[in-house]
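*Asks:* Sequence first, predicted coordinates after that:
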Amino acid sequence: MKICDYLREGNFSLSFEFFPPKDEKGKIQLFQTLDRLLKFSPTFVSITYGAGGSTRDRTFNTVKEIKEKYNLTVMPHLTCVAHDKKEVLEILETYKEIGIENILALRGDQPKDAPKKGFCKYAVDLVRLIKEYFGKHFCIGVACYPEGHQEAKSLEEDIDHLKEKLEAGADFAITQMFFDNSYFFRFKELLIKKGINVPILVGVMPITNFKQIKKFADMCGATIPLDLAKKLSEVQDKPEEVFKIGVDYAIKQCEELLDFGVDGFHIYTLNKAEAAENILEALKDKIFSPGKRF
Ligand SMILES: Cc1cc2nc3c(=O)[nH]c(=O)nc-3n(C[C@H](O)[C@H](O)[C@H](O)COP(=O)(O)OP(=O)(O)OC[C@H]3O[C@@H](n4cnc5c(N)ncnc54)[C@H](O)[C@@H]3O)c2cc1C
């Protein structure tokens, strides 16, 4: 299924993001997680990619296995940084051969230990390449940043670059994690002002490990509200309490976003089921009520 066709009909989208497992133990965990999350009938699942190609085979194999085992719509992420055009085209061709119709087109961050190959300065270059060589075969998703991407001079300029990706042929966008909805509301206002009206799927990151999320948030520039950070830091060595605070917070955040009216949730699972399950159980009347999603 093409995600853009599903979204075009005004359907609410629910998706889960996984990373490709490193070993057999990780693979068992991923499939157990998927088995538990299937009851929510995800619109699609996505598999991350290591910028520079560090997970090239693992991402491909995970995508293929999930597609074959579950007959789910699977969207591989693909970063173009540190790849040349030929490599990217080869990867896309192998996805086309196994019937993949959706790609999350990203620039990625140049790994220190990988050579710069220069073909792709920004994600828009990848979007253009996909369009040039594959026409309408792939429905293309891209990343967007309600707080602005860290390298961007301003949020407005970052949104202009998002617009370039959409004008080049991207069909929808998925947000970076954010923990303060006011950033998303302001972002949506700016999108409307700039005439951007593609579906925006909200990336939801449940906080289950404060130290880890703090690191992720620092890396991608997501603000953790002070009162939430304070509550979490007070219990940071008590995993069960962190989990409860983090999941309750995500539920409230998602409820507010549903009331506002969003196109879908893309849950960053980190290959674990429990937090996503708790959130979706709590939201099920709002998301799964008749006429709302199916
Ligand atoms: C939903 C989601 C999934 C992700 N999955 C992965 C993954 O699987 N693997 C991974 O390595 N990373 C992943 N990332 C992280 C992403 O690769 C990084 O955030 C990266 O720094 C930017 O990628 P991008 O595709 O947004 O880049 P771009 O859209 O190219 O933007 C990068 C920066 O360049 C600026 N820019 C864009 N075009 C221009 C231009 N023409 N002139 C000047 N400046 C410009 C933008 O404003 C921005 O500041 C993901 C991010 C999100 C939100």
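*Replies:* Arrived safely, thanks for sending. Owing to the predicted nature of the structure, the values given are computational and were not obtained by experimental measurement. Residues are numbered from 1 along each chain as shown.
*Asks:* How much space separates Arg58 from the ligand?
*Replies:* Distance of Arg58 to the ligand, given as C-beta to the nearest ligand atom, to the nearest Å: 12 Å. All C-beta atoms are positioned from the backbone trio N, CA, C, and that covers glycine.
*Asks:* For that residue, which non-adjacent residue is closest in space?
*Replies:* Using C-beta to C-beta, 6 or more residues apart in numbering and skipping the chain neighbours, the partner closest in space to Arg58 is Pro20 (3.7 Å).
*Asks:* what's that neighbour in contact with, if anything?
*Replies:* By C-beta atoms under 8 Å, 6 or more residues apart in numbering, Pro20 lies in contact with 47-48, 55, 58-59, 61-62.
*Asks:* ok, now with 6 Å
*Replies:* 47, 55, 58-59, 62 (C-beta atoms under 6 Å, 6 or more residues apart in numbering).
*Asks:* Check which helix or strand it maps to.
*Replies:* Element membership for Pro20 (DSSP states H and E) is empty, with no helix or strand holding it.
*Asks:* what's the distance between Ser154 and the ligand?
*Replies:* 9 Å.
*Asks:* could you measure the closest residue to that residue other than its chain neighbours against Ile207, distance?
*Replies:* Counting by C-beta to C-beta, 6+ apart, the nearest residue to Ser154 once its immediate chain neighbours are dropped is Gly148, at 6.7 Å. Using C-beta to C-beta, to the nearest Å, we find Gly148 at a distance of 21 Å from Ile207.
*Asks:* how near is the residue nearest to Ser154 to Val142?
*Replies:* 15 Å.
*Asks:* Quick check: Ile267 is in a strand.
*Replies:* Yes - according to DSSP: H, G, I helix; E, B strand; the rest coil, Ile267 belongs to a strand.
*Asks:* Next to the ligand, which bits of the protein? Give me the list.
*Replies:* Contacts of the chain with the ligand, taken as C-beta under 6 Å from any ligand atom, map to 48-49, 51, 77, 79, 106-109, 122-124, 143, 149, 151-152, 158, 161, 164-165, 174, 176, 203.
*Asks:* Can you list which of these are found in strands?
*Replies:* 77, 79, 106, 143, 174, 203 (DSSP state E).
*Asks:* mind putting these in JSON lines, neighbour count included?
*Replies:* Output for these, formatted as JSON lines (neighbours: other C-beta atoms under 10 Å):
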{"residue": "His77", "neighbour count": "24"}
{"residue": "Thr79", "neighbour count": "26"}
{"residue": "Leu106", "neighbour count": "23"}
{"residue": "Ala143", "neighbour count": "21"}
{"residue": "Ile174", "neighbour count": "25"}
{"residue": "Gly203", "neighbour count": "22"}
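*Asks:* can I get those in JSON lines with pLDDT?
*Replies:* Converted to JSON lines, those look like this (pLDDT from 0 to 100):
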{"residue": "His77", "pLDDT": "98"}
{"residue": "Thr79", "pLDDT": "97"}
{"residue": "Leu106", "pLDDT": "98"}
{"residue": "Ala143", "pLDDT": "98"}
{"residue": "Ile174", "pLDDT": "98"}
{"residue": "Gly203", "pLDDT": "98"}
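*Asks:* which SS class is Asn11?
*Replies:* Three-state call for Asn11 (three-state DSSP): coil.
*Asks:* can you check the one 4 residues further on too?
*Replies:* Classification of Ser15 into helix, strand or coil gives strand, according to three-state DSSP.
*Asks:* Neighbours of it, how many?
*Replies:* Using other C-beta atoms under 10 Å, Ser15 has 22 other residues around it.
*Asks:* pretty sure Glu147 is in a helix, no?
*Replies:* No - Glu147: not assigned to a helix; according to three-state DSSP it is coil.
*Asks:* Okay, and the closest residue to it other than its chain neighbours sits in which element?
*Replies:* In this structure, Glu147 finds its nearest non-sequential neighbour in Tyr183, 4.9 Å apart by C-beta to C-beta, 6+ apart. Following DSSP H and E, one finds Tyr183 within helix 181-193.
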